[in-house]
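Participant: Could you work out the structure for the sequence below:
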Amino acid sequence: MAPSYHYPDIGTLGEDFVAQYLTDNGWKILHRRWKSGRRGEIDIIAECENTTTDLTLAFVEVKTRSAGNWDSGGRDAVELCKQTKCARAAQMFLAEHPDKENYTCRFDVAIVSCERKSKRAPSTDRISVQKSGYYLTLQEYIIAAFDAPSD
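Facilitator: Numbers count the residues shown, from 1 in each chain. I've put the predicted structure just below:
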């Protein structure tokens, strides 16, 4: 019987990578894969104190893509429908955490590329890491990538 191999979920690897990136840049990760029932899921919820009085809450959508992916490297996957789900989930989060209602809130999108280690290391000046048989590179971190769509 051939041995079975466990291939890690590249989406989870990408989320881990972005969570570490945020932590390294002074953010506190509050939740990972926060679910609000049928309303949706938020990959990462993080907070940061920008000044002594301004607190920011980021609802981060992480898109991890392998080379040659069809959706413009993840940008096309954050369409209006996905934005609406993120916004509704964020509303539910804030309803459950009234202590955060006065925070400045935004929706960020992180685009992560993922390549198997068997290929040569990616030549890039972007933030990269080797993890679980993959090279992960933060292609783009879009601050305030979209506003909450109006219903």
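Participant: Verify the contact between F146 and Q83 for me.
Facilitator: Yes: using Cβ atoms under 8 Å, F146 is in contact with Q83, at 5.0 Å. From N, CA and C alone the C-beta is placed, and that goes for glycine too.
Participant: In stretch 43-50, which residues are buried?
Facilitator: Neighbour-count burial for stretch 43-50, counted by 16 or more other Cβ atoms under 10 Å, picks out 43-48.
Participant: Report the rounded mean pLDDT for it.
Facilitator: For stretch 43-50, mean pLDDT rounds to 90.
Participant: Now that stretch - C-alpha only, PDB.
Facilitator: In PDB, the C-alpha atoms belonging to stretch 43-50 read as follows (Å, rounded to 0.1, in the frame of the first residue of the first chain):
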ATOM      1  CA  ASP A  43     -10.200  35.100   7.900                       C
ATOM      2  CA  ILE A  44      -8.400  37.400  10.300                       C
ATOM      3  CA  ILE A  45      -9.700  40.100  12.700                       C
ATOM      4  CA  ALA A  46      -6.900  42.200  14.100                       C
ATOM      5  CA  GLU A  47      -6.600  45.400  16.100                       C
ATOM      6  CA  CYS A  48      -3.900  48.000  16.300                       C
ATOM      7  CA  GLU A  49      -3.400  51.100  18.400                       C
ATOM      8  CA  ASN A  50      -2.300  53.800  15.900                       C
END
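Participant: what does the longest helix seen in the chain contact?
Facilitator: Scanning the chain for the helix with the most residues, using DSSP state H, yields helix 80-96. Here helix 80-96 makes contact (Cβ atoms under 8 Å, 6 or more residues apart in numbering) with 31, 34-37, 39-42, 45, 59, 61, 100-101, 105, 107, 146, 148-149.
Participant: go again using 6 Å as the cut-off
Facilitator: If you take Cβ atoms under 6 Å, 6 or more residues apart in numbering as the criterion, helix 80-96 is touched by 36, 39-40, 42, 59, 61, 101, 107, 146, 148-149.
Participant: how close does L13 sit to L55?
Facilitator: To L55, L13 is 29 Å away according to Cβ to Cβ, to the nearest Å.
Participant: For those two, work out which one has more neighbours and name it.
Facilitator: Using other Cβ atoms under 10 Å as the criterion, L13 and L55 rank with L13 on top: 20 against 15.
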